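Student: output the structure for:
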Amino acid sequence: MNNSDNTVYVLSGYAKCSTTHNGKYTLGNKHSIGLLTTDENYQGNIKQLKTFIKGLGWESITFCTVEKVDDINTLSNDVLISSFIRAKENGQSLVVNDHPITVH
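Tutor: Presented below is the predicted three-dimensional model:
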């Protein structure tokens, strides 16, 4: 199997909640997010990726870092592992930290 067939790019950053999510997130709160995508040209397609996230109820999206993951076995977090699998199946997957970002 070609190694690039297993590659997922993890774009990490934050976004502001623009809708209520069954009471899980509060409108206007910022949360850490991770977008896992198989799109090798994620930089060129950043507008489409942000459109995907906006469609899920988020705005003011900012990405801070990108990691390339070639092997699911390097992931130790169950949420990231399931998101990696969803990204492989669907092309992309969004992970949102349940706790809002707070400024002290």
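Student: the longest helix in the protein is where?
Tutor: Longest helix in the chain by number of residues (criterion: DSSP state H): helix 78-90.
Student: what's that helix in contact with?
Tutor: 6, 8, 10, 34, 36-38, 69, 72, 75, 93-95 (Cβ atoms under 8 Å, 6 or more residues apart in numbering). Where C-beta positions appear, they are placed from N, C-alpha and C, glycine not excepted.
Student: any idea which element L36 lies in?
Tutor: For L36, the enclosing helix or strand under DSSP states H and E is strand 30-37.
Student: helices along the protein, start to end?
Tutor: Under DSSP H, the chain gives helices at 46-55, 78-90.
Student: right, and L94 touches L56 too?
Tutor: Yes - L94 lies in contact with L56 (Cβ atoms under 8 Å); the separation is 5.9 Å.
Student: I'd like the helices of the chain as a markdown table, with distance to T20 and mean pLDDT appended.
Tutor: As requested, the helices of the chain are arranged in a markdown table below (distance: least, Cβ to Cβ, whole Å; pLDDT from 0 to 100):
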| stretch | distance to T20 | mean pLDDT |
| --- | --- | --- |
| helix 46-55 | 15 | 95 |
| helix 78-90 | 22 | 95 |
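Student: for T26, which of these is the nearest?
Tutor: helix 46-55 (17.6 Å; Cβ to Cβ).
Student: got the contact list for that closest one?
Tutor: Against helix 46-55 from outside (Cβ under 8 Å, 6+ apart): 11, 15, 18, 33, 35, 37, 39, 42, 61, 63, 92, 94.
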